[in-house]
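Engineer: this is the structure alone, sequence omitted:
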């Protein structure tokens, strides 16, 4: 079974920077630029791909605050951080690239690159039991594309972070990028989730952000939800938690690769909402 490489990266600009709106696209642009120093063709293919990508980033963070909207001034030498998660060979290439590079360009400003941490997670390790009650913090806007039943030009989104949406989105990503070896009976798994995993609480709001070079508002849910598993089937529970842990590593929902659907799994005892 494969692996996920997880990198925590800091950028320290040499001059002041102003960052606005959704910064996940900036993190992805920087990451593809770094990857391109060792394999420009791979970086181009990932950029151009219309399907699920083998790599995802989080939006930039400043002082622990996720920069998904608004306007933020970054002082010279101040660190903005982000996470990159990459599957298999892409992670190996990115590891090589990060070992070679010291600086990148960011809106015409040189920024020092620092690798704060690197971890290799084996996919098999994700299949272990988890708590029957847990919370999820939605740290960047999350949304789910609705399947078309008639011809339409624009994507239509759903913003409710119910557990069925999260699992269906993550399962689809797993099947398309990793394979169906562990989920050959995936329709039965979805039926089990629908019947035995409950949404106990949701609080938050739908927010609006914008992507670079676009005036179209991008909506998504920010907040927190709590869930409960009411089943003792160990096999299903292990599959469920493998998907939840992958969602935490790679994001979930639509536009996950550039940082939408960045989540954190927490204890249900934690009641503090994510910082906005």
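Structural biologist: Noted; the coordinates are in hand. As the structure is a prediction and not an experimental result, all values here were calculated from the model.

Engineer: phi and psi next, for residue 165.
Structural biologist: Main-chain torsions, residue 165, degrees, to the nearest 10: phi -60, psi -40.

Engineer: the closest residue to it other than its chain neighbours bridge partners, please.
Structural biologist: Leaving aside its sequence neighbours, residue 165 sits nearest to residue 144 (Cβ to Cβ, 6 or more residues apart in numbering; 4.7 Å). (C-beta placed from N, C-alpha, C; glycine too.) Note on residue 144: beta-bridge partners by DSSP bridges are residue 158.

Engineer: contact partners for residue 144?
Structural biologist: Applying Cβ atoms under 8 Å, 6 or more residues apart in numbering, one finds that residue 144 lies in contact with 157, 158, 159, 165, 168, 169, 253, 254.

Engineer: need the contact list for the residue lying closest to the last one once chain neighbours are set aside.
Structural biologist: This points to residue 254. Nearest residue to residue 254 in three dimensions, chain neighbours excluded: residue 145, at 4.5 Å (Cβ to Cβ, 6+ apart). Neighbour list for residue 145: 155, 156, 157, 158, 254 [criterion: Cβ under 8 Å, 6+ apart].

Engineer: again, 10 Å this time
Structural biologist: By Cβ atoms under 10 Å, 6 or more residues apart in numbering, residue 145 lies in contact with 155, 156, 157, 158, 169, 253, 254, 255.

Engineer: and if you look at residue 36?
Structural biologist: 42, 43, 44, 46, 47, 93, 97.

Engineer: among the contacts of residue 145, name the ones in helices.
Structural biologist: Among the contacts of residue 145, the ones falling in helices (DSSP state H) are residue 169.

Engineer: farthest pair within the contacts of residue 145?
Structural biologist: Maximum pairwise distance among these (Cβ to Cβ): 15.0 Å, between 156 and 169.

Engineer: these two: which is more packed in?
Structural biologist: residue 169 (22 against 10; other Cβ atoms under 10 Å).

Engineer: so how far is residue 190 from the more buried one?
Structural biologist: Distance of residue 169 to residue 190, computed by Cβ to Cβ, to the nearest Å: 11 Å.

Engineer: give the closest residue to residue 32 in space, chain neighbours not counted.
Structural biologist: In space, and not counting its chain neighbours, residue 32 is closest to residue 43: 4.7 Å by Cβ to Cβ, 6+ apart.

Engineer: quick check: that neighbour is in a strand.
Structural biologist: No: in this structure, residue 43 is helix, not part of a strand, as judged by DSSP: H, G, I helix; E, B strand; the rest coil.

Engineer: that one contacts residue 54, doesn't it?
Structural biologist: No: with contact defined as Cβ atoms under 10 Å, residue 43 does not count as touching residue 54 (11.8 Å).

Engineer: quick one: common contacting residues for those two?
Structural biologist: residue 90.

Engineer: re earlier: can you select the buried ones among the contacts of residue 36 for me in ChimeraX?
Structural biologist: In ChimeraX syntax, the buried subset of these is picked out as below (16 or more other Cβ atoms under 10 Å):
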select :42,43,46,93,97
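
Engineer: relative to residue 35, which of the contacts of residue 36 is nearest.
Structural biologist: When these are compared against residue 35 (criterion: Cβ to Cβ), the nearest one is residue 43, at 4.5 Å.

Engineer: mind listing the helices for the stretch 101-250 of the chain?
Structural biologist: 163-177, 186-196, 234-250 (DSSP state H, counting those that start in this stretch).

Engineer: those: which one's closest to residue 21?
Structural biologist: helix 234-250 (22.6 Å).

Engineer: between that closest one and helix 186-196, how big is the angle?
Structural biologist: Computed with axes from the mean of the first three to the mean of the last three Cα atoms, to 10 degrees, the direction of helix 234-250 lies at 90 degrees from that of helix 186-196.

Engineer: now do helix 234-250 against helix 163-177, angle only.
Structural biologist: Here the directions of helix 234-250 and helix 163-177 differ by 80 degrees (the same axes, to 10 degrees).

Engineer: buried sites along helix 234-250?
Structural biologist: 236-237, 239-250.

Engineer: for that helix, what is the average pLDDT?
Structural biologist: Helix 234-250 carries an average pLDDT of 97.
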